[in-house]
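Q: pasted the sequence and its predicted model underneath.
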Amino acid sequence: MDGLPFSRKKRLVLKPNSRLKLIPLRQQLPSEKKMNADSEPSNVKRVCVTGAAGYLASWLIKRLLLSGYNVVGTVRDPANEKKVAHLWRLEGARERLRLVKADLMDEGSFDDAVMGCSGVFHTASPVLNPSFDPKAEIVEPAIKGTLNVLRSCKKNLQLRRVVLTSSSSTVRVREDLDPSVPLDETSWSSVELCERLKIWYPLSKTLAEKAAWDFCVDNKIDLVTVIPAFVIGPSLPPELCSTASDFLGLLKGETKKFQQHGRMGYVHIDDVALCHILVYEKDNAQGRYLCSTAVMDNDKLASFLSTRYPLLPIPTRFELINRPRYEFDTSKVRSLGFEFKPMEQMFDDCVTSLVDQGYISSSLA
Ligand SMILES: NC(=O)c1ccc[n+]([C@@H]2O[C@H](COP(=O)([O-])OP(=O)(O)OC[C@H]3O[C@@H](n4cnc5c(N)ncnc54)[C@H](OP(=O)(O)O)[C@@H]3O)[C@@H](O)[C@H]2O)c1
């Protein structure tokens, strides 16, 4: 069930260079309730976010700072102004953000960042198409890097919980999909199928999440994983990451990248960040949490987008790919009180920010 409201044909009204307003919280996080009650951030805690300069991590840090946390972010090069300047502009960053150098492939390099933190949000993972050697460029850094971060976590006696950013590609790459049974957190992608199809990103995320579960069970680390669908929304980093630039390509009329997706779940970046914080804060959160607003075929996505943004040259037809149909069952995260933002807001916020950043002309959106 996609439940897409196609009837709304209202065009997005955008002012050129309009500043993106902070999207209001639709649900209060436990940390905010406590802060509001005391009017002081009485429960300020230190948490670490790996891959801090990335698309998702930057938004997560923005939300953590707004919720009163002290944040230690890891980046490969804290001195690279171009990569980190947007983080220093976040509200609260000057007072409560520290950036630390760490690389997934350097054993022990997360020790300093993680030490003294009660929570670790591990988001860093290569998200790119391999150019030469997929195992070396994607699979190894994802698995080795995750274990490297977790080994640092193990040394930290103050650690309460690790939240790992997984991906819906760890759930949906299977040959035995039954269209009548929505996929939930019990589903795992087939490693054999990923290898056979040479789809390295799903392989890397599946093996990394499995390795994390094994390590955390063996070492009694409290692990919760968030499993986002394709993330849509404003990009804080000025340079678009690979998924955001794929989406921009679609809005500009390219079919190539989206062709291969066939069918995909989509979710607002703010929902993904809030979901990470919620499952970190809720004591009763456990296991894996799918995070997806709606699952759509390319044709349905394109039809929705071209109705909403009629002046953009969005492709209307894709080659038919014979792939099994699936849906996601997100009742587990919703049972924690989580509400997803409407699809219209997800795409409007994304398009607005692409206009603000000059990627799309305001006269077209
Ligand atoms: N975007 C989506 O649609 C989507 C959907 C589901 C799950 N996810 C997951 O969300 C997480 C963040 O992805 P994103 O979309 O925000 O992409 P991104 O902007 O490319 O972020 C990836 C981050 O990983 C870091 N990284 C890569 N290799 C590293 C290494 N060897 N050492 C240290 N850091 C390294 C990158 O650091 P640099 O900045 O230094 O390159 C970057 O900060 C990933 O775990 C991804 O699998 C994303």
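A: The structure has been received and is ready for your questions. Values in this document were obtained by computation on a predicted structure and should not be read as measured data.

Q: next up, the contacts around residue 103.
A: Neighbour list for residue 103: 76, 109 [criterion: C-beta atoms under 8 Å, 6 or more residues apart in numbering]. C-beta here means a position set from N, CA and C on the backbone, and glycine is covered the same way.

Q: please apply the same query to residue 253.
A: Residues in contact with residue 253 (C-beta under 8 Å, 6+ apart) are 313, 314, 315.

Q: show me which of those residues are buried.
A: 314, 315 (16 or more other C-beta atoms under 10 Å).

Q: could the contacts of residue 253 go into CSV alongside distance to the ligand and secondary structure?
A: Shown next, in CSV, are those (distance: C-beta to the nearest ligand atom, whole Å; DSSP: H, G, I helix; E, B strand; the rest coil):
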residue, distance to the ligand, secondary structure
313, 23, coil
314, 19, coil
315, 20, coil
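
Q: what's the neighbour count on the residue in the stretch 51-200 of the chain positioned nearest to the ligand?
A: Closest residue of the stretch 51-200 of the chain to the ligand, C-beta to the nearest ligand atom: residue 54 (2.6 Å). Residue 54 has 24 neighbours, counted by other C-beta atoms under 10 Å.

Q: unless I'm mixing things up, it is touching residue 126, no?
A: No. Taking contacts as C-beta atoms under 8 Å, residue 54 lies outside contact range of residue 126: 10.4 Å.

Q: residue 293 and residue 190, how far apart?
A: The gap separating residue 293 from residue 190 is 25 Å, by C-beta to C-beta, to the nearest Å.

Q: neighbour-wise, which of these two wins?
A: residue 293 (22 against 16).

Q: correct me, but the more buried one touches residue 269?
A: No. Using C-beta under 8 Å as the test, residue 293 is too far from residue 269 to be in contact (11.2 Å).

Q: can you count the residues close to residue 47?
A: For residue 47, the tally of surrounding residues (other C-beta under 10 Å) stands at 24.

Q: in a strand, it, correct?
A: Yes. Counting by DSSP: H, G, I helix; E, B strand; the rest coil, residue 47 is part of a strand.

Q: now residue 316. Nearest residue, chain neighbours left out?
A: Ranked by C-beta to C-beta, 6 or more residues apart in numbering and with sequence neighbours excluded, the top spatial neighbour of residue 316 is residue 302, at 5.8 Å.

Q: A strand includes the one you found, no?
A: No. Under the criterion used here (three-state DSSP), residue 302 is helix, not part of a strand.

Q: quick check, pLDDT for it.
A: Residue-level confidence at residue 302 comes out at 92, pLDDT.

Q: what about the helices in the stretch 251-365 of the chain?
A: For the stretch 251-365 of the chain, helices defined by DSSP state H, counting those that start in this stretch occupy the ranges 256-261, 269-281, 298-308, 331-334, 343-356.

Q: where along the stretch 101-250 of the chain do the strands fall?
A: All strands of the stretch 101-250 of the chain, identified by DSSP state E, counting those that start in this stretch, fall at 119-122, 161-165, 223-228, 230-232.

Q: got those as JSON lines, with mean neighbour count columns?
A: Shown next, in JSON lines, are the strands of the stretch 101-250 of the chain (neighbours: other C-beta atoms under 10 Å):
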{"stretch": "strand 119-122", "mean neighbour count": "28"}
{"stretch": "strand 161-165", "mean neighbour count": "25"}
{"stretch": "strand 223-228", "mean neighbour count": "25"}
{"stretch": "strand 230-232", "mean neighbour count": "23"}
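
Q: need those in CSV (columns: distance to residue 217 and mean pLDDT).
A: Below are those laid out as CSV (distance: least, C-beta to C-beta, whole Å; pLDDT from 0 to 100):
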stretch, distance to residue 217, mean pLDDT
strand 119-122, 16, 98
strand 161-165, 12, 98
strand 223-228, 8, 98
strand 230-232, 28, 98
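
Q: export the ones you listed to TSV and tack on distance to the ligand?
A: Formatted as TSV, the strands of the stretch 101-250 of the chain follow (distance: least, C-beta to the nearest ligand atom, whole Å):
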stretch	distance to the ligand
strand 119-122	8
strand 161-165	4
strand 223-228	4
strand 230-232	4
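
Q: could you dump these to TSV with distance to residue 211?
A: Compiled in TSV, the strands of the stretch 101-250 of the chain are given as follows (distance: least, C-beta to C-beta, whole Å):
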stretch	distance to residue 211
strand 119-122	12
strand 161-165	10
strand 223-228	11
strand 230-232	23
